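Participant: missing the sequence, but the structure's below:
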């Protein structure tokens, strides 16, 4: 099996995992927020619910963006170079892929550094290391890199 097929298959498998994680996070945030509303109605408060809900929402945002990229549900410049011919269009697509690769590489690198530097900080209510919720930044960056590399190694560059 060639590199292109391996990357395509891994990209699909990781995307399927991300979709399942998003479903799980969405259900969890709904249950937690419902429990918080119910607890307040009964005169109590779940001190951790807002913090955990916020971290889940951030995770949904970052991981959801990777799924949106994989499904090509993002604002793009597809077709921009079509009036100049297929060669120019492919060159534009390749340039955009390289710029995207560079951007996600930086997000992954600096997200990883930031995550490691925040290990000694703890969250307010849950008292867990802040590196745990912040780890979604380099994780999503790695998933983005995988998807971009899978796109770049396809036989025909998609406009």
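Facilitator: Now that the structure is in, tell me what you want to look at. Predicted, not measured: the structure shown is a model, and the values here were computed from it.

Participant: Let me see the contact set for the residue nearest the centre of the chain.
Facilitator: The C-alpha lying nearest the average C-alpha coordinate of the chain belongs to residue 63 (CA atoms, centre = their mean; 3.0 Å). Residue 63 is in contact with 18, 21, 22, 25, 136, 139, 140, 143, counting by CB atoms under 8 Å, 6 or more residues apart in numbering. C-beta here means a position set from N, CA and C on the backbone, and glycine is covered the same way.

Participant: what mean pLDDT does stretch 105-118 have?
Facilitator: When the per-residue pLDDT values of stretch 105-118 are averaged, the result is 97.

Participant: From residue 54, how far off is residue 101?
Facilitator: As for residue 101, its distance to residue 54 is 30 Å (criterion: CB to CB, to the nearest Å).

Participant: The two: who's more crowded?
Facilitator: Of the pair residue 101 and residue 54, residue 101 is the one with more neighbours under other CB atoms under 10 Å, namely 16 against 13.

Participant: related to what we said a few turns ago, please report how far the residue nearest to the centre of the chain lies from residue 49.
Facilitator: Following CB to CB, the distance that separates residue 63 from residue 49 is 21 Å.

Participant: What of residue 106?
Facilitator: Taken as CB to CB, the span from residue 106 to residue 49 is 34 Å.

Participant: Comparing those two, which shows the higher neighbour count?
Facilitator: Remark: of residue 106 and residue 49, residue 49 carries more neighbours, 20 against 11, as counted by other CB under 10 Å.

Participant: Give the full set of residues in contact with that one.
Facilitator: 32, 33, 35, 36, 39.

Participant: ok, now how distant is the residue nearest to the centre of the chain from residue 17?
Facilitator: If you measure residue 63 against residue 17 using CB to CB, the figure is 10 Å.

Participant: Need the nearest residue in space to residue 8, chain neighbours excluded.
Facilitator: Distance criterion CB to CB, 6 or more residues apart in numbering; nearest residue to residue 8, sequence neighbours excluded, is residue 150 at 5.2 Å.
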